[in-house]
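> Mind folding the following:
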Amino acid sequence: MRVAQETAAGRFANQTGLVTGAASGLGRATAIGLAREGARLVLFDRDEAGLRQTQAACAGAITVVGDVTSAADHARAAEAAAGLGTISLLATAAGILGPTKPLAEVQEAEWDQLFDINVKGTWLAIRAVLPVMLAAGRGAIVTFSSGAGLAGNTTFPAYSASKGAVVLLTRSLAASHAGQGIRANTICPGPIETPMLRGTFAAAGDEAAAAEREAIFRARNPMGRFGTAQEIADTALFLLSDTASYINGVALPVDGGRLA
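Model (predicted):
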């Protein structure tokens with residue numbers, strides 16, 4: 001673990017948080033936003049080099065290199081957070097796209113890996129910090145689903161199924177613990193300019209096929225563009241903040257109107 005300099009004040013001053021998938025993409029953007037607004041953070045990911053890069057922009061952050069499918073690694077992350085304060089913020093951004101092929105062609109090992117990371121990893125992160133939040137009577141949780149978790153998807157149906165599971169996991173969490181000071185919401189991004197999106201296009205095949213898939217994705221969006229990691233991070237920060245104190249159990253599309 002490596003510790004950086006002290007944080008500045010902001011919406012999350014004197015709060016402690018955990019961000020999974022913090023080494024890149026949406027997790028990195030969310031972590032940077034939280035740190036800039038005063039949160040003391042534990043950054044969790046298996047990519048040690050990526051974590052270092054995120055940490056450089058997150059004053060006071062601690063890094064924990066680990067696997068989101070491991071309960072023991074989540075326990076280490078929660079223990080690290082305890083050294084910073086009582087954890088009250090959780091953002092579960094770790095996830096993979098998995099196979100981009102019809103369901104009948106998905107291999108059992110591919111399916112298991114996808115659900116282990118996207119669903120079990122989200123559950124394990126929640127399970128690791130929820131007892132602390134319940135004891136404190138306060139906590140805000142944001143999970144990361146997808147627009148594909150709200151509507152069927154022919155390009156990556158297995159991914160769609162895993163993200164649908166995250167939606168109902170989060171809603172069940174919100175319904176179960178709203179009376180105990182815990183809020184839980186999930187963000188359902190549309191196509192966002194991240195390495196995962198570029199991987200979606202590359203999985204189509206050669207350069208021409210990738211370009212065709214990108215054009216199809218772009219044409220489906222009423223705004224005619226892809227979102228940015230910053231736009232998703234801004235949404236996450238809002239949902240984690242006290243400004244969203246009466247928002248609970250929401251699966252929020254952030255997709256430029258694609259599902260409208």
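> So which residues of the stretch 101-250 of the chain form strands?
Under the criterion DSSP state E, counting those that start in this stretch, strands of the stretch 101-250 of the chain are mapped to 139-144, 182-189.
> Specify the beta-bridge partners of V64.
Following DSSP bridges, V64 is listed with bridge partners F44.
> and it, how many neighbours does it have?
Other residues near V64 number 22, with proximity taken as other C-beta atoms under 10 Å. C-betas here are computed from N, CA, C, even on glycine.
> hang on, it packs against A80?
Yes - shown here, V64 and A80 form a contact pair, counting by C-beta atoms under 8 Å, at 5.3 Å.
> returning to what we had before: make CSV out of the strands of the stretch 101-250 of the chain and add mean pLDDT, distance to G205 and mean neighbour count.
Putting the strands of the stretch 101-250 of the chain into CSV (pLDDT from 0 to 100; distance: least, C-beta to C-beta, whole Å; neighbours: other C-beta atoms under 10 Å) gives the following:
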stretch, mean pLDDT, distance to G205, mean neighbour count
strand 139-144, 98, 27, 27
strand 182-189, 98, 24, 26
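> Helices of the stretch 151-260 of the chain, start to end?
Across the stretch 151-260 of the chain, reading from the start of the chain, the helices by DSSP state H, counting those that start in this stretch fall at 157-177, 195-202, 207-219, 229-240.
> can you put the strands of the stretch 101-250 of the chain in TSV and add distance to V19?
Converted to TSV, these look like this (distance: least, C-beta to C-beta, whole Å):
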stretch	distance to V19
strand 139-144	10
strand 182-189	13
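> mind listing what L259 touches?
Listed by C-beta atoms under 8 Å, 6 or more residues apart in numbering, the contact set of L259 reads 147, 150-151, 190, 253.
> ok, of those, which come out buried?
Neighbour-count burial (16 or more other C-beta atoms under 10 Å) applied to these gives 147, 150, 190, 253.
> Show the backbone phi and psi for the third one.
Read it as G190. The phi and psi values for G190, taken as degrees, to the nearest 10, are phi -80, psi -160.
> Chain neighbours aside, what residue packs nearest to it?
On the basis of C-beta to C-beta, 6 or more residues apart in numbering, the spatially nearest residue to G190 that is not a chain neighbour turns out to be D255, at 2.7 Å.
> wait, that neighbour sits on F226?
No - the pair D255 / F226 is not scored as a contact, 9.7 Å apart, by C-beta under 8 Å.
> Spit out the residues that contact these two alike.
If you check D255 and F226 against C-beta under 8 Å, 6+ apart, the residues they both contact are 190-191.
> between these two, who's got more neighbours?
Per other C-beta under 10 Å, whichever of D255 and F226 has more neighbours is D255, with 22 against 19.
> can you tell me which residues contact the more buried one?
Listed by C-beta under 8 Å, 6+ apart, the contact set of D255 reads 147, 188-191, 221, 227.
> And G27, by the same measure?
G27 makes contacts with 19-21, 45, 54, 91, 93-94, as judged by C-beta under 8 Å, 6+ apart.
> a markdown table for these, including distance to L124?
Listed next are the contacts of G27 as a markdown table, based on distance: C-beta to C-beta, whole Å:
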| residue | distance to L124 |
| --- | --- |
| V19 | 14 |
| T20 | 9 |
| G21 | 13 |
| D45 | 14 |
| T54 | 21 |
| A91 | 14 |
| A93 | 14 |
| A94 | 10 |
